[in-house]
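Novice: Coordinates for the following, if possible.
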Amino acid sequence: MRSSFPHNVFMATRYQAKLTEGQGASTAEPDDILAKIRGQDLWVVNSRRRNGLILHKQFYTEFAGPGAAVGGGLDQDCCGVIPLGSLSLLSATSAEEQQKALKIRLQWVRLTQNFTDKPVAIDRARMILEQFKSYFTPDTVEHIPDEAFALLVGVLPYTIRRARDLV
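Specialist: Next up, the predicted model:
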């Protein structure tokens with residue numbers, strides 16, 4: 001699934017996700033997740049699972065890993081998502097939980113920024129691939145489009161393809 005994504009929308013039909021509201025849970029497709037995070041409610045990526053979301057915005061992508069806040073006012077401009085792992089989104093029930101989740105989202109952004117600070121494109125590509133491979137299964141990483149990784153660290157998709165051969 002390393003092919004390009006049409007019209008700035010991620011195609012990730014292979015991955016299913018669990019959205020948890022209170023006690024109930026349901027399986028959802030990327031379109032359902034996108035609708036959920038574009039809503040007014042703030043959600044938290046379950047910190048007890050190896051899961052996360054790649055959030056595609058108009059000109060870049062972000063990764064929201066375990067514990068990170070998604071939705072609410074943060075992601076109304078989101079164009080597409082790639083759920084990773086067995087995604088579970090929990091509702092934030094208190095102001096303290098929301099604040100903690102927002103701080104964790106910022107930490108994930110800063111982690112990605114550390115990679116983008118490297119001046120050599122192939123180094124940025126290798127670093128993001130190594131980070132994801134250390135956290136997710138090889139099959140999961142293999143099916144994330146090159147374009148998604150490229151937009152995460154500011155390189156061309158071709159650079160990601162080359163880095164995949166090196167990692």
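Novice: For the chain, which segments count as strands?
Specialist: 17-21, 24-28, 42-45, 51-56, 61-64, 69-71, 80-85, 87-91 (DSSP state E).
Novice: And the fourth one, what does it pack against?
Specialist: The reference is to strand 51-56. Here strand 51-56 touches helix 30-37, strand 42-45, strand 61-64, strand 80-85, strand 87-91, helix 146-153, going by 3 or more Cβ pairs under 8 Å, 6 or more residues apart in numbering; DSSP states H and E. Where you see a C-beta, it was placed from the backbone N, CA and C, and this is true even at glycine.
Novice: what is the rounded mean pLDDT of stretch 83-94?
Specialist: Stretch 83-94 comes out with an average pLDDT of 94.
Novice: chain center to it, what's the gap?
Specialist: 12 Å (Cα atoms, centre = their mean, to the nearest Å).
Novice: quick one: low-confidence parts of this structure?
Specialist: 1-28 (pLDDT under 70).
Novice: surely residue 91 meets residue 41?
Specialist: Yes: with contact defined as Cβ atoms under 8 Å, residue 91 counts as touching residue 41 (6.5 Å).
Novice: what about residue 106, neighbour count?
Specialist: 12 (other Cβ atoms under 10 Å).
Novice: ok so, going back, dump the helices and strands packed on strand 51-56 to a markdown table, plus mean neighbour count.
Specialist: Below are the helices and strands packed on strand 51-56 laid out as a markdown table (neighbours: other Cβ atoms under 10 Å):
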| stretch | mean neighbour count |
| --- | --- |
| helix 30-37 | 19 |
| strand 42-45 | 25 |
| strand 61-64 | 24 |
| strand 80-85 | 25 |
| strand 87-91 | 21 |
| helix 146-153 | 23 |
